[in-house]
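> okay, predicted coordinates and the sequence, questions at the end:
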Amino acid sequence: MEQPDPHTPPPAPGRVDGVPNPMSGTQPDGTGFDGLNRRPGDDEFNRRPAGDDELNRRPEGGVALSLRRLTKEFDGVPVVRDLSLDIPVGSMYGIVGPNGAGKTTTLSMANGLLRPTAGQAVVLGYDVWADPPAAKARMGVLADGLSTFDRLSGEELLHYVGLIRGVDPGQLAERTGDLLAALDLADDANKLVADYSAGMTKKILLASALIHAPRLLMLDEPLEAVDPVSGQVIRQILRSYVAGGGTVVLSSHVMELVEGLCDHVAIIHEGQVRAAGTV
């Protein structure tokens with residue numbers, strides 16, 4: 001199957017498979033991805049010119065995420081060892097393995113939360129540790145177990161994250177409303193996140209990861225402790241996201257979940273990739 005061009009804007013705002021397209025955010029320059037041309041700096045976020053050669057370069061081979069010999073040691077004990085993996089653009093890629101296999105550590109090194117002892121992680125042509133602003137502008141992250149600003153309402157949280165991510169304030173309210181509606185949270189938009197159920201919390205964190213319309217999503221155990229109804233909503237959103245041109249990398253210790261949702265899978269055990277391929 002032909003992979004989507006990683007630098008071609010997704011479909012226009014609308015619906016994919018009956019739900020609002022999570023990839024439909026636009027910028028004033030019309031690139032189609034909120035925050036794509038923005039990097040942290042003085043005076044809010046400094047925008048890079050749409051014609052910048054570095055911005056418009058294509059990742060080699062249509063790879064959204066490339067991990068090369070990633071290694072992480074704690075007190076001299078290796079947890080991840082020389083792990084290499086390529087995630088194709090436009091894929092729903094599952095990373096599966098038993099508890100303690102190194103899945104969370106691997107994703108944390110890939111998304112910039114945990115510095116590797118050795119190795120490299122590259123997101124759409126940008127090294128996560130050599131050029132963090134450029135790499136992180138192109139990814140959305142749902143990390144398992146991290147605290148959030150739960151004394152904000154769901155709507156306030158999305159607005160706050162959107163501003164940090166450089167979303168155009170003129171588009172932020174519409175973007176927030178679309179995501180709340182798509183994730184079935186519109187009726188609870190003014191409720192404090194602290195009062196959300198486990199399923200609602202996962203959904204609002206997924207919305208936070210999507211608010212700037214990133215090209216790549218990295219999700220650590222996105223369906224753990226989620227009720228069946230919320231789980232189905234999350235699956236539908238992720239399928240729509242991939243259909244709109246995005247790439248998803250998710251971890252799980254449940255093989256049945258990965259088989260039913262993903263088109264690619266890598267099995268990790270004792271900090272190494274034991275097998276990888278299509279489902």
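Received the coordinates, thanks. Residues are numbered from 1 along each chain as shown.
> surely residue 154 and residue 186 touch.
No. Contact criterion CB atoms under 8 Å: residue 154 and residue 186 do not qualify, at 9.3 Å. All C-beta spots, glycine's among them, are computed from the backbone N, C-alpha and C.
> these two - which one has more neighbours?
residue 154 (28 against 14; other CB atoms under 10 Å).
> ok so, going back, give me the common contacts of residue 154 and residue 186.
Residues touching both residue 154 and residue 186 (CB atoms under 8 Å, 6 or more residues apart in numbering): residue 180.
> hang on, residue 249 in a strand?
Yes. Assessed with DSSP: H, G, I helix; E, B strand; the rest coil, residue 249 lies in a strand.
> run a quick neighbour tally on it.
Around residue 249 there are 26 residues (other CB under 10 Å).
> phi, psi for residue 185 please.
phi -120, psi 10 (degrees, to the nearest 10).
> residues near it, how many?
Neighbour tally, residue 185, other CB under 10 Å: 21.
> spit out the contact partners of it.
For residue 185, counting by CB under 8 Å, 6+ apart, the contacting residues are 154, 200, 203-204, 207.
> hmm, 7 Å instead?
154, 200, 203-204 (CB atoms under 7 Å, 6 or more residues apart in numbering).
> closest one of these to residue 131?
residue 204 (29.2 Å; CB to CB).
> confirm that closest one sits in a strand?
No. The assignment for residue 204, made by three-state DSSP, is helix rather than a strand.
> grab the nearest non-local neighbour of it.
residue 154 (4.9 Å; CB to CB, 6 or more residues apart in numbering).
> likewise residue 67?
That would be residue 85: by CB to CB, 6+ apart, it lies 4.6 Å from residue 67.
> okay, now the sheet partners of the helix or strand hosting that neighbour, with direction.
Using DSSP states H and E, residue 85 falls within strand 77-88. Using DSSP bridges, the strands paired with strand 77-88 are strand 63-74 (antiparallel).
> return the set of buried residues in the partner strand.
63-67, 70-72 (16 or more other CB atoms under 10 Å).
> average pLDDT across it?
The average pLDDT within strand 63-74 is 97.
> next one: stretch 146-160
Here the average pLDDT along stretch 146-160 is 95.
> ok, now stretch 170-185?
For stretch 170-185, the per-residue pLDDT averages 95.
> pull the distance from that stretch to the chain's centre.
17 Å (CA atoms, centre = their mean, to the nearest Å).
> check stretch 214-232 too.
10 Å.
> so residue 259 sits against residue 279, correct?
Yes. Counting by CB atoms under 7 Å, residue 279 is a contact partner of residue 259 at 5.9 Å.
> report the contact partners of the residue nearest to residue 204.
With CB under 7 Å, 6+ apart, residue 154 has these contacts: 180, 185, 188-189, 191, 193, 204.
> now distance to residue 102 too, for these, in TSV please.
Output for these, formatted as TSV (distance: CB to CB, whole Å):
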residue	distance to residue 102
180	35
185	33
188	35
189	37
191	36
193	30
204	28
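> let's see which of these end up in helices.
Mapping the contacts of residue 154 onto helices (DSSP state H) picks out 180, 204.
> buried subset of the contacts of residue 154 as a ChimeraX selection?
In ChimeraX syntax, the buried subset of the contacts of residue 154 is picked out as below (16+ other CB under 10 Å):
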select :180,185,188,189,193,204
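> any regions of the chain where pLDDT drops low?
Residue ranges of the chain with pLDDT under 70: 1-61.
> centroid-nearest residue for it?
Most central in the chain under CA atoms, centre = their mean is residue 217, positioned 1.7 Å from the mean C-alpha point.
> quick check: closest non-adjacent residue to residue 173.
Residue 173 sits nearest to residue 159 (CB to CB, 6+ apart), 7.7 Å away.
> quick check: the one you found vs residue 171, distance?
Per CB to CB, to the nearest Å, residue 159 is found 12 Å from residue 171.
> can you check residue 143 too?
From residue 143 to residue 171 the distance is 26 Å (CB to CB).
> same question for residue 87.
In terms of CB to CB, residue 87 sits 28 Å off from residue 171.
> so these two - more neighbours on which side?
residue 87 (24 against 17).
> contact partners for the closest residue to that one other than its chain neighbours?
Among residues not flanking residue 87 along the chain, residue 65 sits closest, at 4.0 Å (CB to CB, 6+ apart). By CB under 7 Å, 6+ apart, the residues touching residue 65 are 87, 110, 123, 216, 249.
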